[in-house]
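> need a structure here:
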Amino acid sequence: MSQDHEQNRSGTLQHEAEHTRANKKSPVMTYLVILFAAAFLLLLLSYFMQQRVNQEKYDNLQQTSNSAVQTLENLIAERDNLKEQNEALNKQLEEVQAQLSQADKAREQAESAYADAAHQANCLSQLNQIRALYNQGRYREARERLASYTGLEEELEKISAAMTEEDRAIYDPLAAYRNLADWLN
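As a prediction, this is how the structure comes out:
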């Protein structure tokens, strides 16, 4: 019996020891729980920091994107403005070219009129030279000049035709030429 009692006692002590250990937390388990909690807190802290960094990057990208959109809109507006200016300048260029063309035509007409006037003045000068020689009594020289000025009568006809009746009544160069030619022949 004593052996049975001892075995009972030993079984009871073992039972008590097992239950008393279960109630007491072992220090290793507590340490592990603290380590897991610290690791979880560090992971959570790292996650929030990463979220903040990502949000800052997103905000920077959003600002850059907004800035790029604004720059693009400004460039498009500037391009449209330059197109309008280009069209206006092209219209001005066309107007100036038309004015230049008109000015060139007017210049050509003026040059032609000047050349005609100079030719008419030359013809009248030749007529006056013949008349001056005739008035000085230098008939032979007057005849030579009259013969050397070919086409003078036709030019004087054009001058006379361009004059008004009143001007021809005062002085008709064609009539004066024909009178001189008659007198010298």
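> Where does pLDDT dip in this structure?
Applying pLDDT under 70 to the chain flags residues 1-25.
> show me where it has helices.
Taking DSSP state H as the criterion, the chain contains helices spanning 2-23, 27-135, 139-148, 152-162, 165-170, 173-184.
> Please list all residues in contact with Gln129.
Going by C-beta atoms under 8 Å, 6 or more residues apart in numbering, Gln129 touches Arg145. Heads up, the C-betas are built off the backbone N, CA and C, glycines and all.
> burial of Ile159, as a residue count?
19 (other C-beta atoms under 10 Å).
> same question, Tyr134
Counted by other C-beta under 10 Å, the residues lying close to Tyr134 total 19.
> Phi and psi next, for Arg138.
For Arg138, the backbone dihedrals (degrees, to the nearest 10) come out as phi -100, psi 70.
> residues touching Met163, list them.
Taking C-beta under 8 Å, 6+ apart, one finds Asp172 in contact with Met163.
> Can you tell me how far it is from Pro173?
8 Å (C-beta to C-beta, to the nearest Å).
> Would you mind measuring from Ala113 to Lys91?
For Ala113, the distance to Lys91 - C-beta to C-beta - is 33 Å.
> same deal with Leu32?
87 Å.
> now swap in Leu42 and tell me
Leu42 is 73 Å from Lys91, by C-beta to C-beta.
> do the same with Ala118
Shown here: Ala118 relative to Lys91, a distance of 40 Å by C-beta to C-beta.
> got a list of what Asn126 touches?
Rather than Asn, residue 126 is Gln. 145, 149, 152.
> nearest to Gln97, of those residues?
Proximity of those to Gln97 was ranked by C-beta to C-beta; the top entry is Leu152 with 43.1 Å.
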